[in-house]
Each structure stands twice: as C-alpha cells, then as structure tokens.
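# One predicted model, sequence on top.
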Amino acid sequence: LTLAAACADARPHSDLMADARADLEAIHLERAMHRFDSARTATPDDAEAHAQYATLAAYFDLHVTAAEAWERVLELEPGDAAAWDGYFQSLYWAGVYGSDRRYAEKVMQLLPEALQYASGRPELYSNAQGAASDLGQLEAYNAILMDRREAEVGNPVFQHHLGEAQVTLADLQEGDRSQVLRDSLTAVLEELAARHRDDAETPAPILYRLASGLRPLQRDEDKDYWMSRLLAAPDRGILADDVRYWAMVVKLQPLLYGLPESIDEVFGIIDEGMRSPRLVHRAIWAGRRLTAVRQMAARSVAEESGEGDGSVSMATEPPGPDLAPEHAERLFQATVDYMAWQYRIPGSSSALGNLLYYGIEPQWVLEEAIELEEALRADRPGYLYPGSLGEAREGSRRAMINSARGLQARALAQLGETEAAGALFEELATEFPGTQTLAQFGRHLMRTGENGRALDVLVEGLAHGGGSRGTAEEAAEAAGLPVEAVDERLAVRQPIVQAELEARTLGDRLELEPPDLALPDQHGVPWALGDLTGKVVVLKFWATWCGPCLAEFPHFVELLEEYEGDDEVAFLTVASAGSSRDAVAEVLSEGGYTFPVLLDDEGRAVDFKVLAYPTTFYLGPNGLIQYRREGFHEEEYEHQTAIRIDALRAAGSP
C-alpha cells in the first residue's frame with residue numbers, strides 16, 4: 001500500500017480505523033497517520049480518528065496541522081482533557097519551530113478554558129509556562145493561575161504548578177522574594193510529606209506533588225522515595241510519565257560509560273523506557289538502545305586495536321574490524337528497529353554509516369539509503385529538523401541527500417560494484433565539494449590504484465577543512481612521493497579554497513527586514529534597532545544559562561575593544577526572556593563586563609526566529625539582516641566576525 005493510495009483510500013470507515021490501528025501497533029507510523037487522515041476525512045465526526053491523526057502529526061513535528069486536528073476534537077468533545085493537553089503541546093511547538101508568537105498567544109488566550117477541563121495534566125502547564133516565558137508574559141501566566149486558585153484548592157497537580165510558576169517569576173525579579181517562596185513551599189511540602197509518609201492509600205496526585213515539588217529543591221533522597229511511591233500507585237495514570245522519563249535519562253547516562261559491566265542495568269532501563277505510552281519517548285529510547293549496542297560493539301573489538309602489522313590501508317572499505325556474529329546481529333537489529341521509528345531521521349545517516357563501518361548488510365544499507373534519498377526529495381515528514389526554515393531548510397535537505405548518496409556509494413563499493421560506486425563518489429565530489437565528499441572519493445581512487453589523483457583530491461579535502469591527513473600521506477607514498485608533498489600542495493590550495501569559501505559565505509546574504517526591537521538595557525536606557533540604521537550592527541541574542549554564550553563573552557569584549565571609536569559599527573546584546581535581571585547582573589559583574597545588555601521582557605527573540613543561543617545577526621547600513629550565525633565557534637571567532645563587518649561596511653560605502 002503506497003502512501004498515495006492510503007490518502008485516497010475509500011474503504012469503509014471501520015476498515016480504515018482497524019488498519020490504521022494495526023499500522024500504529026506495528027510502528028508503521030507514517031502509513032498509520034495517512035490512514036487515520038483518510039478515516040477522519042470520510043467520517044468528520046469521529047473524534048478518535050482526529051485525535052490519532054493529531055497525535056501522529058505532532059510526532060512528525062507537523063504541529064500546525066496537529067493543532068488544527070486537535071481543534072476539531074475539542075469541537076466534538078470540549079471536555080476531553082487529553083485533547084486539551086495535545087492541543088497545547090502542538091500550539092506551543094508550532095510557535096517555537098515556526099518562530100510565530102501567535103501560537104503562544106493563543107495558548108495564553110485559551111488557558112483559562114483549558115484549566116476547566118485539564119487542570120490535572122502536568123504537561124498542559126509545562127507548555128503554557130513555556131509559551132508565557134517565550135512571550136515575556138510569566139506575570140500574566142501567574143495571574144491566570146491565581147484566578148483559578150480557589151477552584152483548584154483540592155488539586156495537588158495545580159498547586160504544584162502554581163508554586164513552580166510563582167518561583168519562576170520571582171527568579172526573574174530582583175530581590176529575595178524567590179528564596180522566601182522556596183522556603184514557604186518547602187514548609188508546605190514537608191508538612192504534606194509528614195502527613196502521608198505512613199499512609200499507604202495516599203492518592204497519586206499528592207504523590208506527584210511531593211515527587212515533583214521536592215526535585216527543584218534538591219531533596220534527592222526524598223524525591224526518589226516519593227517517586228517510587230508514585231510509580232507503585234495504581235491510580236497514577238499519566239502523572240509519572242515525564243518525571244520518570246527524565247529520572248531514567250539521568251540514571252542511564254553514567255551507566256553507558258560502564259559498559260559492559262552495567263549492561264543488564266542499562267538494557268533494563270531502556271526496556272522500561274520502550275514501554276512508555278508516548279510515541280516520542282519510545283522513539284528516543286530506541287535511539288538510546290542503538291547507542292548502547294554501538295558502544296558494546298566498539299568495546300568488543302577494543303582489545304584488538306593496535307594489533308597486527310599496521311599494513312591495513314586507511315582507504316579500506318569497510319574500514320572497521322570484523323565484529324563477532326552476536327555483536328553484528330545485535331547492532332543490525334537495533335539499527336533496523338531505530339530506523340522504523342522515523343523520528344527526526346538525521347541520526348539515520350550515522351546509524352547506517354556505522355553498519356558500513358563494520359561491513360554489516362551493505363545491501364540492506366543500500367536500499368535504506370535509497371529510500372532515505374527519495375523521502376528527502378519528496379519532503380516526507382520526519383526527515384528534517386522542524387526548526388529549519390527557508391534556505392536553511394533547503395541546505396539541510398541538500399546535505400542529507402548528499403549524505404544518503406554517499407552511503408549508497410560506500411554500500412556499492414562493499415558489494416563489489418566498483419564502477420557504479422566510483423561514478424557516484426566522483427559526482428558528489430564534483431558537484432558538492434566538501435570535506436566528506438572529497439575524502440570519500442579520494443579513498444575510492446586509492447582503492448582503484450589511482451594514487452596520484454587520489455592525493456590531489458584528498459589535499460583538496462584538507463583545504464576545505466577536512467581531517468584526512470593520514471590518508472593523504474598514504475596516497476602520497478603510494479604514488480611514490482614523500483609525505484611532505486601533502487603540505488606542499490596544501491600550501492598552494494588552502495588559501496585559494498578558503499578565499500572561495502569566504503566569498504561564497506559573504507555573498508549569500510539574507511536581505512531580511514528585521515522585526516521591531518526597542519528594549520531597555522540593564523541601566524534602564526532605551527535602545528531601538530531602527531535608530532542604528534546607517535551602521536553595521538552586530539546583534540547577539542544570549543541567555544544566562546547558556547554555557548557557550550558565557551564562553552563567547554571574553555572574545556566579544558575583544559571585538560568591542562577593537563572597534564571602539566568606530567562610528568560605523570554598533571554592537572548590541574539581548575538577554576533572553578528567561579534570563580532574570582539578577583542573573584544578568586551576576587554574569588556582567590563576574591566577568592567585569594560593562595557593555596549594554598538589552599532585557600528581552602517582551603519575548604522578541606521569537607520574532608527573530610531564535611531557536612538556539614547564542615544567535616548573532618549582522619545588519620548592513622541599510623538596516624536589513626544580511627547574515628545569521630548560530631552557536632559559538634572559538635576558532636577564528638574574531639576573523640569570522642570581522643570579515644562580515646568589513647563586507648557589510650564595504651557594501652554600504654558610496
């Protein structure tokens with residue numbers, strides 16, 4: 001059954017629903033989604049069909065579509081608490097990934113109504129508070145909860161999230177109100193714990209409040225006790241899902257470093273995670289199982305590393321050692337299971353590449369890589385990061401398609417299809433020269449005895465920033481040249497290639513009108529981005545909790561000193577809506593920084609489509625956004641900033 005056929009399926013509604021449920025059970029999730037879509041189209045009043053479709057659309061990060069389906073569920077069943085929960089989740093993530101504040105504003109607008117029906121569902125609060133934080137409206141969020149306080153006096157779930165919201169808001173404000181609130185909450189929780197410690201009939205919502213409330217107060221021993229009680233409670237329902245999920249994640253990480261001694265405990269945690277009622281959690285646990293199996297495979301051959309006469313070529317395909325059959329089978333099965341989940345599939349290239357590293361099932365890898373390429377070209381759901389928009393999304397698609405084609409070429413090489421593999425390697429290296437495509441083509445040329453040509457290709461890869469020096473030196477020796485030939489050729493090519501790459505980077509301009517930005521700095525001085533038109537502006541969004549942001553600041557200060565007195569360049573930093581004034585002041589004080597920091601109390605980062613911190617925008621003298629960089633890249637930080645400033649300054653000169 002093709003997806004197109006599923007969309008046009010005209011069979012009876014009951015048959016469609018039965019087949020869709022069977023697909024869901026078998027983890028054929030994309031096909032299940034299309035069948036539920038056919039079912040809800042055929043029978044618009046079937047709330048279950050809409051809900052199942054919405055759940056799967058959200059799984060594939062189609063959050064706008066999911067939100068629309070949840071709206072239909074709530075039209076049919078306004079009191080469905082799970083539907084309100086799913087609706088808020090889809091609205092929140094539609095706003096995050098689409099960088100569209102309208103969805104977060106809708107969450108805030110609908111929250112009073114949602115609380116009438118779903119005040120016992122923890123994730124409703126998480127998404128609502130996230131939306132409020134992004135908008136800089138935590139005060140309004142607190143006010144909505146306070147208006148509902150009297151009606152929820154007997155609801156421990158509500159009481160926990162009200163306290164959490166109050167503390168979060170207080171954390172953003174100056175003074176010691178936050179600590180006063182924490183002390184008050186601690187006293188309430190201690191009294192509640194004393195009352196219920198010996199009560200075997202304690203309801204699950206109270207256990208949830210104790211387990212969740214003691215966690216941020218760093219009361220780990222008490223938290224674990226109440227969590228174990230909550231997990232054993234017959235009426236726990238969904239209350240333990242998220243808390244338990246994160247508890248297992250924290251427990252798993254150190255155990256992975258102890259493989260194989262901790263193998264039973266590791267796979268016990270993973271097996272429990274795979275029983276989660278949430279599809280997303282199960283998909284993530286499938287990925288963690290693959291990680292554990294990969295580590296087991298790597299450690300199984302670690303003792304043999306370094307043995308032998310060292311005569312194995314770096315160009316060998318497959319490059320890895322032979323795995324014992326039991327490890328090879330386990331790795332293959334874990335990869336098959338992981339691929340079935342089709343969840344944010346970029347990790348699939350790594351998973352398939354790992355099989356090729358050991359030479360496991362190259363025919364299957366070839367077929368999967370072909371399907372991956374076809375899915376990317378058809379824009380099927382689940383294959384691209386949902387936060388990638390516009391040209392960035394197309395760039396991600398091209399990179400993933402090239403990665404899939406590179407896997408195909410490697411699989412063909414392992415299957416003995418040398419000519420077909422070579423043609424594909426060469427096509428990729430010619431059309432999309434980069435560190436990976438050039439290195440793969442160079443190794444192929446070595447395998448076919450074209451060592452002189454291989455050396456040139458591998459040096460080109462090094463000039464692009466690749467790390468295949470050892471392979472290039474091997475190619476030089478195989479071509480009858482000294483290893484110094486690599487550096488000699490690289491000295492010629494690297495400046496040329498780097499200049500070409502920089503020219504391409506600086507030529508790819510965004511030409512985007514910036515959103516309005518008018519905010520006060522830490523001293524109360526108002527700043528408006530529009531007032532800086534005529535200058536090159538470096539605009540940096542950061543957060544106090546962001547490690548890379550803090551690591552960047554010493555380099556940023558060096559830039560400020562370099563451009564001090566330059567009236568053609570201006571630097572602005574914006575602290576995120578989730579960064580409190582006290583935390584901002586502490587960062588500036590500890591670093592001795594005096595530059596102005598705008599305080600994003602209005603959630604303007606959403607309008608600038610900031611999904612990661614730090615994110616830096618470069619605006620030209622015409623006031624348009626021309627470049628965008630995410631993250632902190634210490635290597636050549638000052639140089640990469642300077643070339644963008646110089647390019648924009650030159651473009652703005654008469």
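Sure, I can see it.

# which residues sit against the host helix or strand of W364?
Using DSSP states H and E, the element containing W364 is helix 362-377. For helix 362-377, the external contacting residues (CB atoms under 8 Å, 6 or more residues apart in numbering) are 332, 339, 345, 348-349, 352, 355-356, 383-384, 397, 400-401, 404-405, 407-408, 410-412, 414-415. The way it works is simple: take the backbone N, C-alpha and C, and place the C-beta from them, glycine included.

# now the helix or strand following it against helix 362-377, angle please.
Using DSSP H and E, the helix or strand that directly follows helix 362-377 along the chain is helix 390-414. Going by axes from the mean of the first three to the mean of the last three CA atoms, to 10 degrees, helix 390-414 is angled at 160 degrees with respect to helix 362-377.

# Can you tell me the SS state at the residue of the chain most remote from its centre?
Here the centre of the chain is the reference, and by CA atoms, centre = their mean the most remote residue is G480, at 46.9 Å. Using DSSP: H, G, I helix; E, B strand; the rest coil, the structure places G480 in coil.

# Domains of the protein: list them as residue ranges, please.
174-239, 249-304+312-361, 433-505, 518-652 (automatic domain parsing).

# Redo these as JSON lines? Include mean pLDDT and distance to S126.
Below are the domains of the chain laid out as JSON lines (pLDDT from 0 to 100; distance: least, CB to CB, whole Å):
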{"stretch": "domain 174-239", "mean pLDDT": "86", "distance to S126": "11"}
{"stretch": "domain 249-304+312-361", "mean pLDDT": "89", "distance to S126": "13"}
{"stretch": "domain 433-505", "mean pLDDT": "94", "distance to S126": "38"}
{"stretch": "domain 518-652", "mean pLDDT": "92", "distance to S126": "14"}
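
# which one is E265 nearest to, not counting chain neighbours?
L255 (5.7 Å; CB to CB, 6 or more residues apart in numbering).

# before we move on, what about R397?
Using CB to CB, 6+ apart, the nearest residue to R397 is L376, at 5.6 Å.

# residues near the one you found, how many?
The tally of other residues near L376 (other CB atoms under 10 Å) stands at 21.

# pLDDT at it, what is it?
For L376, the pLDDT comes out at 93.

# for the residue nearest the centre of the chain, phi and psi?
Geometric centre of the chain, nearest residue: Y385, 7.4 Å, by CA atoms, centre = their mean. With angles defined as degrees, to the nearest 10, Y385 sits at phi -60, psi 130.

# could you measure it against A404, distance?
To A404, Y385 is 16 Å away according to CB to CB, to the nearest Å.

# Likewise for T55?
Distance from T55 to A404, by CB to CB: 28 Å.

# ditto for Q137
Counting by CB to CB, the gap from Q137 to A404 is 43 Å.

# likewise W527?
Taking CB to CB, one finds W527 at 46 Å from A404.

# do the same with A518
For A518 relative to A404 (CB to CB), the value is 45 Å.

# Could you list the buried residues of stretch 234-244?
Within stretch 234-244, the residues scored as buried using 16 or more other CB atoms under 10 Å are 236, 238-240, 243-244.

# What's the end-to-end length of it?
15 Å (CA to CA, to the nearest Å).

# And for that stretch, what's in contact with it?
121-123, 126, 157, 203-205, 207-208, 211-212, 215, 227, 230-231, 276-278, 281.

# Try it again at 10 Å.
Contact partners of stretch 234-244, identified using CB atoms under 10 Å, 6 or more residues apart in numbering, comprise 81-82, 85, 120-123, 126, 156-157, 203-205, 207-209, 211-212, 215, 223, 226-227, 229-233, 247, 272-273, 276-278, 281.

# Please, a ChimeraX command that selects the buried ones among these?
Buried members of these, defined by 16+ other CB under 10 Å, are picked up in ChimeraX with:
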select :81,82,85,120,121,122,123,126,156,157,204,205,207,208,209,211,212,215,223,226,227,229,230,231,233,247,273,276,281
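
# Return the subset of the contacts of stretch 234-244 lying in helices.
Of the contacts of stretch 234-244, the ones assigned to helices by DSSP state H are 81-82, 85, 122-123, 126, 156-157, 204-205, 207-209, 211-212, 223, 226-227, 229-232, 247, 272-273, 281.

# Next up, identify which helix or strand the residue nearest to E265 is on.
Per DSSP H and E: helix 241-256 holds L255.

# what is the orientation angle of that helix with helix 204-214?
Using the same axes, to 10 degrees: helix 241-256 against helix 204-214 is 50 degrees.

# now Q109: how far from E152?
From Q109 to E152 the distance is 20 Å (CB to CB).

# okay, those two: which has more neighbours?
Neighbour count, other CB under 10 Å: between Q109 and E152, E152 has more, with 17 against 9.

# How far does the helix or strand S349 falls within sit from its chain's centre?
Following DSSP H and E, one finds S349 within helix 347-358. In terms of CA atoms, centre = their mean, to the nearest Å, the centre of helix 347-358 is set 20 Å apart from its chain centre.

# which other helices and strands contact that helix?
Packing partners of helix 347-358 (3 or more CB pairs under 10 Å, 6 or more residues apart in numbering; DSSP states H and E): helix 279-300, helix 325-341, helix 362-377, helix 390-414.

# for that helix, which positions count as buried?
In helix 347-358, counting by 16+ other CB under 10 Å, buried: 348-349, 351-352, 354-358.

# That helix to helix 279-300, inter-axis angle?
20 degrees.

# quick one, helix 347-358 and helix 325-341 angle?
160 degrees.

# Kindly format the C-alpha coordinates of helix 347-358 as CSV.
What follows is helix 347-358, C-alpha atoms only, in CSV (Å, rounded to 0.1, in the frame of the first residue of the first chain):
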residue,chain,number,x,y,z
GLY,A,347,20.6,10.3,13.0
SER,A,348,19.9,7.6,10.5
SER,A,349,22.9,8.5,8.3
SER,A,350,25.1,7.9,11.3
ALA,A,351,23.3,4.6,12.1
LEU,A,352,23.6,3.3,8.5
GLY,A,353,27.2,4.5,8.3
ASN,A,354,28.1,2.6,11.5
LEU,A,355,26.8,-0.7,9.8
LEU,A,356,29.0,0.1,6.8
TYR,A,357,32.0,0.7,9.1
TYR,A,358,31.8,-2.9,10.1
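
# The closest residue to E71 other than its chain neighbours and R177: what is the separation?
Using CB to CB, 6+ apart and skipping the chain neighbours, the partner closest in space to E71 is Y87 (6.9 Å). Distance from Y87 to R177, counting by CB to CB: 33 Å.

# What of M400?
From M400 to R177 the distance is 48 Å (CB to CB).

# ok, now how distant is L356 from Q414?
L356 is 7 Å from Q414, by CB to CB.

# Same check on D456?
Taking CB to CB, one finds D456 at 25 Å from Q414.

# same question, Q494
Q494 is 32 Å from Q414, by CB to CB.

# re earlier: who are the contact partners of the residue nearest to E71?
54, 58, 66-71, 73-74, 80, 106-107, 110, 114, 118, 124, 127.
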